[in-house]
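Peer 1: Provided below are the primary sequence and the corresponding predicted coordinates.
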Amino acid sequence: MNKRFFMTILVLIIYQSAFSMGFVPTAKDTQYVFMPVRDITPDTLNKPRAVGLDIMLGNSGFGLGGFYKHEINQDLSWTFSISISEAKAPNEVDYIDPFTGQTYTPNKVNRIFVVPAILGLQYRLFRNSLTDSFRPYMFAGVGPNLIYSTPYDREFFNSFIYGKSHYGVGAYIGAGAYFGLDPSSLVGVSVRYYVLPLKHGIESLQNEPMANFNTFFITFNIATQY
């Protein structure tokens, strides 16, 4: 028993000495380093195209629009937007008839609707210095503008049959930001200023033709990315 014990101790000592001197091969390293399949950053998560809705609040009331956005590179995209909103003279005042409860505007001749179709460029700001969940940008664009007037003395929907079309050129400039990192959706807010001149005037109020339909909007953007 003692001999066997001493032989075991001797073998262990010899093996340890050989191991420390490098004669015994070490076990193969089974550690694996896994590299990510793709760089998970907003620039790879965000899809290159988006189509969505604009909800607009301006000095003439509400407006609705739609837009398409296509990425050119990480910072630059081209956009197309179209919207419709009502234009009013600066001194228009709406009143409520106490007997009928209907709203009316004294001396109003035409309802005027502005429909600009703008092709523009959008440039992302501070991509390398701000958090990815907040992506500010600036934009500008130009395109054709349709101004449609309908007679105020006719019922709202029926008046479109008697409306007249007027054409001009429009442009806008502004800034905004998108929020979040969801690759399938796009949510943001922007401020934009439209420049919408017209060569000849259109009467909104009697004897007060308008030839300048410039307007300011706060716009909420909701879109699907793909």
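Peer 2: Now that the structure is in, tell me what you want to look at.
Peer 1: Give me the longest strand you can find in this structure.
Peer 2: Looking only at the chain and at elements set by DSSP state E, the strand with the highest residue count is strand 134-151.
Peer 1: ok, that strand: who's next to it in the sheet?
Peer 2: Strand 134-151 has the following sheet partners, assigned by DSSP bridges: strand 110-124 (antiparallel), strand 164-179 (antiparallel).
Peer 1: Can you tell me which of those is packed in deepest?
Peer 2: Neighbour counts averaged per stretch over the strands paired with strand 134-151 are highest for strand 110-124, at a mean of 19; criterion: mean count of other C-beta atoms under 10 Å. C-beta coordinates here come from the backbone N, C-alpha and C atoms, glycine included.
Peer 1: Now for residue 98, how many residues are close by?
Peer 2: Residues contacting residue 98 under the criterion other C-beta atoms under 10 Å number 6.
Peer 1: Now do the same for it: helix, strand or coil?
Peer 2: When the structure is reduced to helix, strand and coil (DSSP: H, G, I helix; E, B strand; the rest coil), residue 98 reads as coil.
Peer 1: any idea how far it lies from residue 153?
Peer 2: Spatial separation of residue 98 from residue 153 under the definition C-beta to C-beta, to the nearest Å is 21 Å.
Peer 1: now residue 121
Peer 2: Using C-beta to C-beta, which is the criterion applied here, residue 121 is 43 Å from residue 153.
Peer 1: after the helix-or-strand element of the chain with minimal mean pLDDT comes which helix or strand?
Peer 2: Ranked by mean pLDDT, DSSP states H and E, the weakest helix or strand in the chain is helix 42-45, scoring a mean of 49. Sequence-wise, the next helix or strand beyond helix 42-45 is strand 49-58, with elements assigned using DSSP states H and E.
Peer 1: mind checking how far that following strand is from the chain centre?
Peer 2: Mean-position distance between strand 49-58 and its chain equals 7 Å (C-alpha atoms, centre = their mean, to the nearest Å).
Peer 1: With stretch 82-98 instead?
Peer 2: Stretch 82-98 sits 27 Å away from the centroid of its parent chain (C-alpha atoms, centre = their mean).
Peer 1: Need the contact partners of it.
Peer 2: By C-beta atoms under 8 Å, 6 or more residues apart in numbering, the list of residues contacting stretch 82-98 from outside reads 54, 56, 58, 60-67, 102-106, 108, 111-118, 147, 204-205, 208, 210, 213, 215, 217.
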